[in-house]
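structure of the sequence below:
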Amino acid sequence: MLGPDSRLLTALLITVSAVLLAGAIRFRLLPVKVLCGALSIMVAMTGGIAAVNYYYGYYTTWSAMWADFHGTTGNLGVISTASSTTAAVESGRIGWVDLPGRLSGYNRKGLLYLPPQYGQAKYAKVRFPVVELFHGTPGTPLAWNTVLHISQIANSLLAKRLIGPMVLVMPAINASGRDAQECLNGPGVSDQTYVTKDVRADVLAHYRVSGDSYQWGLDGYSSGGYCAANIALQHPGSYGAAAIINGYFRATDGPAAGVLNHSGPLEVANSPLYLAERLSPTASPLPAFWVAAGTHDVTDYKPATVFTEALRRIEQVPFVKFKAGDTANAWSAVLPQSLIWLWQQIAPPDLRVLFPTRAGSAASTTLPVPAVKRHNPAPCKPVVSRPANLQCTTPVHGQAKSVAPQIAVARQPATRA
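Residues are numbered from 1 along each chain as shown. So this is what the prediction gives:
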């Protein structure tokens, strides 16, 4: 069956459009010419969408596309709040949970992944570390399952003993109707309160997880990467680590500016790059940071390097440089490495002994990215009106750009003058 990312599907649609266009030219009857012309345009537009999807690698199955566009549950069940235990469970469970917001007033559903050890009787007294995973914009928590295949990745890493068991919670960062909120508190928006306080309260109340803030981590791609960076800097005592996959680092470079009504002071206060640049060596302890950025995404790659260097004045920050853009293929390839690193940061000593891993430094891995056609976004342009020295074109975060053959990981010196 032809998938939505099939080159053959794109070729067929373009061919049909060309045939219809030829019919519109050759037929003499006006109604037939109009019908052929209209159908040719519609099929051509569909072919264009198919070409973009193939180019970006976002939807790989029809079910994933249908679920995202229609807001369905993606054939996932519900995770019960009851903590049942069994003698042996081979793989983790992922499903929908209610995450009501007492403080924010938001009532949303999210996805939750419970590792296989969560349901095993011998670990019934263990409280597991937690990672909050933020999706892109536009998008929903379902993208973690249909696009990034988070449960399969987590199960595979656990089976290979590259990570220990962690509970993964995937809240919605956007309101109903696909309105972007970008994990922000602003004019008429309390999304940051929701994802930092309400989600944690819900998970702590119903699941066997750690209440230690340093055993909670953040991870996100694209707009979700912006969420992870911004939250970690604004709530440094609430998280132990933050992994950022191809995020943006200034509110003006993404949907955050619109959420903040383009208020200059609010944009500066919610720009991770500017927050990092203002940090002093005597600042309160920060969460550990891990940054991944694609060299083909010029809009966000340069700010990512500046952000990393600003943090390196305070602490060591692994930087993952990969030859790709802000695409689903790249996110999927980088995600395992971010989870490996997060386990190393947020797992307490007793759990490291209980669940020993074989993983070395996450910064020494080279990961493949499926090759697609190259794409070069618009370059950054100098500007003097902002606290930083870069101005970039605004991408649509959470939607993919270009991908190239592989990811290379590089660790720069830990400190910089």
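
pretty sure residue 147 sits against residue 329.
No. With contact defined as Cβ atoms under 8 Å, residue 147 does not reach residue 329; the gap is 9.9 Å. From N, CA and C alone the C-beta is placed, and that goes for glycine too.

longest helix anywhere in the chain?
helix 30-56 (DSSP state H).

show me how far it is from its chain's centre.
32 Å (Cα atoms, centre = their mean, to the nearest Å).

packing partners of it?
The contact analysis (3 or more Cβ pairs under 8 Å, 6 or more residues apart in numbering; DSSP states H and E) places helix 30-56 against helix 7-26.

packing partners for the helix it packs on?
By 3+ Cβ pairs under 8 Å, 6+ apart, helix 7-26 packs against helix 30-56.

the helix it packs on vs helix 7-26, what angle?
Put simply, helix 30-56 runs at 160 degrees to helix 7-26, going by axes from the mean of the first three to the mean of the last three Cα atoms, to 10 degrees.

report the buried residues of stretch 208-218.
By neighbour count on 16 or more other Cβ atoms under 10 Å, the buried set for stretch 208-218 is 208-210, 214-218.

which residue ranges form the helices in the protein?
Under DSSP H, the chain gives helices at 7-26, 30-56, 62-70, 143-146, 150-159, 191-193, 199-206, 223-234, 256-259, 264-269, 272-277, 298-311, 328-346, 349-354.

between those, which gets nearest to residue 91?
helix 150-159 (4.7 Å; Cβ to Cβ).

take the buried residues of stretch 208-218 and keep only those in strands.
Among the buried residues of stretch 208-218, DSSP state E puts 216-218 in strands.

quick one: which of the buried residues of stretch 208-218 is nearest residue 47?
residue 218 (38.9 Å).

re earlier: the longest helix of the chain vs helix 328-346, what angle?
Going by the same axes, to 10 degrees, helix 30-56 makes 30 degrees with helix 328-346.

sketch out the low-pLDDT regions of the stretch 151-300 of the chain for me.
Low-confidence segments of the stretch 151-300 of the chain, defined by pLDDT under 70: 176-178.

typo on my end, it should be the stretch 1-150 of the chain
In the stretch 1-150 of the chain, residues with pLDDT under 70: 1-3, 5-6, 52-77, 80-89.

how does it look with 90?
Scanning the stretch 1-150 of the chain with the threshold set as pLDDT under 90 gives 1-15, 17, 19-34, 36-37, 39-40, 43-91, 137-139, 146-147.
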